[in-house]
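Engineer: Could you work out the structure for the sequence below:
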Amino acid sequence: MRAATGVAVAIAALLSVFDVSSAQVPIGDFYYFERTDSAAHEDLSSVTTVARENFVTGAGGLTWQCRDGALRVTLTSTYLGRGMRAQVRWRFDDQEPSPPLEWRLRSTGMAVTAPMEIGREFTDRAKKADRVMLQVTDYQLLKHDYTFGLAGLAEGLSHLSCSG
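Structural biologist: The predicted structure follows:
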């Protein structure tokens, strides 16, 4: 019961970063949030999971969302700084880790978004994996590790308008 409450708190914290406030539908390790901005005629639906080790603090969320007609991958974290980019590495299951690559730092300083070319490959690999470990480096060169279960990702993505 306490873990479920912690997950709900973490999801609420993640939603505040993405300004998504709608009913949630659980799909495996993920939650699907269906939301549209009727004034802008924009689909703001997303698929989000919470890191296994940090669900109480709200840090450590992995989200897929349609932005400008394209699928975007965003990692929420603790405060990373005010620069333009942060270094991110990942490892699917027991495979070799990726080299550190730059993801765009969001204006909050608490989330990074994968460049489109990285996001496509990352998503394709994530659909075939059971888990992913991401490591992001902050402005003080401290590394923050997050592990995410990936069960239900393909099904969750099928609900997003830009995934097909």
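Engineer: secondary structure class for residue 161?
Structural biologist: Each residue gets one of three states, and residue 161 gets coil by DSSP: H, G, I helix; E, B strand; the rest coil.
Engineer: Tell me where the chain has strands.
Structural biologist: Taking DSSP state E, the strands of the chain run over residues 24-27, 30-33, 36-37, 42-43, 46-50, 61-67, 70-76, 85-92, 101-105, 111-113, 131-137, 143-149.
Engineer: Run through the residues that contact the residue positioned nearest the centre of the chain.
Structural biologist: Central residue of the chain (C-alpha atoms, centre = their mean): residue 62, 1.8 Å from the mean position. Listed by C-beta atoms under 8 Å, 6 or more residues apart in numbering, the contact set of residue 62 reads 48, 49, 51, 73, 74, 75, 76, 132, 134, 146, 148. Backbone N, C-alpha and C define where each C-beta goes, glycine included.
Engineer: In terms of pLDDT, where does it sit?
Structural biologist: pLDDT for residue 62: 96.
Engineer: now it, which residues is it bridged with?
Structural biologist: Judged by DSSP bridges, the bridge partners of residue 62 are residue 49, residue 75.
Engineer: Surely residue 126 touches residue 152?
Structural biologist: No - using C-beta atoms under 8 Å, residue 126 makes no contact with residue 152, being 11.2 Å away.
Engineer: of these two, who's got more company?
Structural biologist: The neighbour comparison of residue 126 against residue 152 (other C-beta atoms under 10 Å) goes to residue 126, with 22 against 17.
Engineer: any idea how far residue 153 is from the more buried one?
Structural biologist: When C-beta to C-beta, to the nearest Å is applied, the distance between residue 126 and residue 153 equals 6 Å.
Engineer: and what of residue 84?
Structural biologist: Residue 84 sits 28 Å away from residue 153, taking C-beta to C-beta as the criterion.
Engineer: Could you check which of these two has the larger neighbour count?
Structural biologist: Using other C-beta under 10 Å as the criterion, residue 84 and residue 153 rank with residue 153 on top: 24 against 8.
Engineer: Output stretch 95-106 as PDB, nothing but the C-alphas.
Structural biologist: Once side chains and other backbone atoms are set aside, the C-alpha atoms of stretch 95-106 remain, and they are given as PDB (Å, rounded to 0.1, in the frame of the first residue of the first chain):
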ATOM      1  CA  GLN A  95      23.800  -5.000 -23.000                       C
ATOM      2  CA  GLU A  96      26.800  -2.700 -23.200                       C
ATOM      3  CA  PRO A  97      26.100   0.900 -22.100                       C
ATOM      4  CA  SER A  98      25.800   3.600 -24.700                       C
ATOM      5  CA  PRO A  99      28.500   6.300 -24.900                       C
ATOM      6  CA  PRO A 100      27.500   9.600 -23.100                       C
ATOM      7  CA  LEU A 101      25.400  11.600 -25.500                       C
ATOM      8  CA  GLU A 102      23.900  15.100 -25.100                       C
ATOM      9  CA  TRP A 103      20.200  15.500 -24.400                       C
ATOM     10  CA  ARG A 104      18.500  18.900 -24.400                       C
ATOM     11  CA  LEU A 105      18.000  20.300 -20.900                       C
ATOM     12  CA  ARG A 106      14.500  21.600 -20.300                       C
END
